[in-house]
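Participant: Build me a structure from this.
(one chain, ligands or ions: 1)
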Amino acid sequence: MEGIKLYTSRSIASYISTREGETKFGEKVNFISNLEELKSSKAKYVLFGIPEDIGVRANLGRPGAANAWKSCLKSLLNVQANQYTKPEKLVLLGEVDCNELMNKASNIAIEDPNYIAKLGDLVKQLDTTVSQLIQFIISAGKIPIIIGGGHNNAYGNIKGASLALKKPLNVLNIDAHTDLRTTEYRHSGNGFSFARNEKLLGKYRVFGLHQNYTPQYIFENMNTSANDNYRLFEHLILKSSEQIVKAFREELELVANEDFGMELDCDAIKGFPSSAQTPSGFAINMVRNFIRIASEEEHLKYLHICEAAPTEQSEIKVGKTLSYLITDFIH
Ligand SMILES: N=CN[C@@H](CCC(=O)O)C(=O)O
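Facilitator: Residues are numbered from 1 along each chain as shown. This next block holds a predicted model:
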């Protein structure tokens, strides 16, 4: 398959700070030298990154999501390998090679009247690689964990999973936004619209949607849709932690009786460095609960965490948060 950079223990060695008497996550994680090896691997989960923010730029958002994967790796590989973190359950696959597409995106002048359309074409090319990779991993009987990148990659995830399973896929999305925008061009705000139009998406639920950032036409479409629905963050604000967890479990029940994908847009997390950062949202620890609860579902087919956009100052916070979420998921 083209467009994938596979990692080896050597290629990531410089990220690991070893310590005598201790074993780090990066020293115990599994690697593969070609994709076919996944089929015989004992690991249940396959982790890879998509270091791009082309879809975010095409959606006029704040770039930076391209750096989330590197921040994640730097932290994750230095987590302790112990009875709780379980690196042996994971294949560290590598990354979708986004260099060429990112360079092309940077060479499009923002004054170009077709700026967004041209970025959208690049997002479509990325969609092809992401969907092929997801289809391959799920067909091999593994659960992909995808670290974005923009939320545009939800489309590739859903398409790949749907092709592997030969049916539309349910999705639960923890997100401040629906990403059901109109479909003139591909970008990070319309991955679910494209998946819906192409009949790849089954039931779609958005958990923690922010009323301030959802256009009225999207509310109207969702209110009349048999398959799309949402729970507003504003309806959860006054609830206790137990009630919020209960609400999450209720949402999960609505999708998890069939195969489903789990999406987490980091802009749902309060004050988190992300493409559409907001001061209001779920606490990190609450999101850790959500991921752990979801991970127990037998029909869960993938986890996608996207739109984290670290700066130099916030790199450690982002990397550690993503690492917690990954280890919570594979525990
Ligand atoms: N994936 C993010 N989608 C949001 C972005 C909002 C923003 O950048 O402000 C959306 O299109 O609504």
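
Participant: Can you report how many residues neighbour Phe290?
Facilitator: 25 (other C-beta atoms under 10 Å). (Glycine included, C-beta is placed from N, CA and C.)

Participant: residues in contact with it?
Facilitator: Contact analysis of Phe290 by C-beta atoms under 8 Å, 6 or more residues apart in numbering lists Ile174, Phe207, Val245, Phe248, Leu264, Phe282.

Participant: and the third one, that's in a helix?
Facilitator: So the one you mean is Val245. Yes: under DSSP: H, G, I helix; E, B strand; the rest coil, Val245 falls within a helix.

Participant: you'd agree it is up against Arg288?
Facilitator: No: between Val245 and Arg288 there is no contact under C-beta atoms under 8 Å: 11.2 Å.

Participant: And what about whatever residue of the stretch 101-250 of the chain ends up closest to the ligand, helix, strand or coil?
Facilitator: In the stretch 101-250 of the chain, the residue that lies nearest the ligand is Gly189 (2.5 Å; C-beta to the nearest ligand atom). Secondary structure, three-state DSSP: Gly189 is coil.

Participant: And Asn257, by the same measure?
Facilitator: Asn257 - assigned by three-state DSSP - is coil.

Participant: Provide a list of residues in contact with the residue in the stretch 201-331 of the chain positioned nearest to the ligand.
Facilitator: Residue of the stretch 201-331 of the chain nearest the ligand, by C-beta to the nearest ligand atom: Ala276 (3.5 Å). Counting by C-beta under 8 Å, 6+ apart, Ala276 makes contact with Gly61, Arg62, Ala176, His177, Tyr213, Asp267, Glu307.

Participant: List only buried entries from the residues you listed.
Facilitator: Gly61, Arg62, Ala176, His177, Asp267, Glu307 (16 or more other C-beta atoms under 10 Å).

Participant: Tell me which ones among those also neighbour the ligand, please.
Facilitator: When contact is defined as C-beta under 6 Å from any ligand atom, the buried ones among the contacts of Ala276 meet the ligand at Gly61, His177, Glu307.
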